[in-house]
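Peer 1: Quick one, what's the 3D model for this:
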Amino acid sequence: MINLIPRPCSAKECGCMVPFSSKTRLTGEFGSIFELLSQLLPTPVRAGDNQLTFVRDDRIAKEGYHITCAEQNICITASDAAGAFYGVMTLLQLCAGKDWFQAVECPVSCYSKGVSSC
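Peer 2: Here you go, the predicted model:
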């Protein structure tokens with residue numbers, strides 16, 4: 001199990017390394033948090049350019065989120081800005097001070113108001 005707080009019901013490592021740094025472009029919904037998030041992203045050492053896209057989905061519980069990685073890009077789906085922010089905090093935990101992380105997929109049902117819902 002991947003060591004994350006809050007602990008997800010499940011998180012599947014997908015086998016590739018995904019860059020996540022200040023070179024990562026932030027796009028999509030929840031633009032109001034982009035400036036804050038850009039200040040939290042690690043300084044790139046080896047990371048190349050990639051994209052983090054935020055998608056709004058009202059079917060996800062308030063403050064919940066779903067992370068998917070495809071190739072070098074990341075998608076966080078959330079119903080509100082808090083969920084999007086918590087998704088980024090999970091990515092920062094996965095980076096553990098590096099400018100990349102092991103790709104993962106975390107199911108939506110595992111995050112509801114920052115607590116595991118299993």
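
Peer 1: can you tell me which helix in this protein is longest?
Peer 2: Criterion DSSP state H: the longest helix present in the chain is helix 81-95.

Peer 1: what helices or strands is that helix leaning on?
Peer 2: Contacts defined by 3 or more CB pairs under 8 Å, 6 or more residues apart in numbering; DSSP states H and E place helix 81-95 against helix 34-40, strand 50-56, strand 65-70, strand 73-78, strand 100-105. No exception for glycine: its C-beta is placed from N, CA and C like everyone else's.

Peer 1: how does it look with 6 Å?
Peer 2: Here helix 81-95 touches strand 65-70, strand 73-78, going by 3 or more CB pairs under 6 Å, 6 or more residues apart in numbering; DSSP states H and E.

Peer 1: could you check the angle helix 81-95 makes with the last one?
Peer 2: So the one you mean is strand 73-78. Here strand 73-78 points in a direction 140 degrees away from that of helix 81-95 (axes from the mean of the first three to the mean of the last three CA atoms, to 10 degrees).

Peer 1: residue ranges with poor pLDDT in this protein?
Peer 2: 1-2, 6-15, 104-118 (pLDDT under 70).

Peer 1: can you do 80?
Peer 2: Low-confidence regions of the chain, defined by pLDDT under 80, span residues 1-16, 46-47, 71, 100-118.
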